[in-house]
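**Q** Pasted the sequence and its predicted model underneath.
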Amino acid sequence: MAKILVIHGPNLNLLGKREIDIYGTVDLQTINTEISKKAGFLKVAVEFYQSNYEGDIVEKIGMADKKFDAIVINPAAYTHTSIAIRDAISAVNIPVIEIHLSNIYGREDFRQKSLISPVSKGTICGFGINSYLLGLEAALSIIKKDK
């Protein structure tokens, strides 16, 4: 059974109560529940990790290729600022799918540049919770193709 690590970046623990006009009312627990349901349907094992700290995310990514077949990551604000997360993704030998709840290319200028996209297999954004579900499907498709 394929194993996929789902990483939620900074402030995603505040979903459902922050910037509802952008992110909606769905909280992180609901997102994880929906991902778990989809994973069950796809017969994929998922593990969730959320951190507001860049170094913790870097370490989790750095150890992921020993335990997981792919990563689905919402780097949140670190998308636009973290060379460290970018380098960690480049260092692991598993596919990484970058996802975002909102369409980062339709937002503020500083959010329209992703440091993560060039080192990811693909980016899915703007579909709310479905961005995660589509990311899970994309990761599984890549895993199956590579085997």
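**A** Sure, I can see it.
**Q** for stretch 27-35, the distance to its chain's centre please.
**A** Relative to the centre of its chain, stretch 27-35 is centred 13 Å away, using CA atoms, centre = their mean, to the nearest Å.
**Q** Spatially central residue for the chain, please.
**A** Against the mean C-alpha coordinate of the chain, by CA atoms, centre = their mean, the closest residue is I73 at 1.7 Å.
**Q** Which of the helices or strands spans that residue?
**A** strand 70-74 (DSSP states H and E).
**Q** Flag the shaky bits of this structure, pLDDT-wise.
**A** Under the criterion pLDDT under 70, the flagged ranges of the chain are 147.
**Q** show me where it has helices.
**A** Ranges of helices in the chain, per DSSP state H, are 20-23, 28-42, 54-64, 83-91, 129-146.
**Q** Of those, which is nearest F48?
**A** Go through the helices of the chain one by one with CB to CB and the one that ends up closest to F48 is helix 28-42, at 5.2 Å. Placement of C-beta: from N, CA and C, glycine included.
**Q** Give the buried residues for the closest one.
**A** By neighbour count on 16 or more other CB atoms under 10 Å, the buried set for helix 28-42 is I31, N32, E34, I35, K38, A39, L42.
**Q** ok, now stretch 67-85?
**A** Of all the residues in stretch 67-85, those buried under the rule 16+ other CB under 10 Å are 68-76, 78-80, 82, 85.
**Q** Endpoint to endpoint, that stretch covers what distance?
**A** Using CA to CA, to the nearest Å, the span of stretch 67-85 from its first residue to its last is 18 Å.
**Q** What is the distance between that stretch and the centre of its chain?
**A** Mean-position distance between stretch 67-85 and its chain equals 6 Å (CA atoms, centre = their mean).
**Q** picking that back up, identify the bridge partners of the residue nearest to the centre of the chain.
**A** Under DSSP bridges, the beta-bridge partners of I73 are I7, E98.
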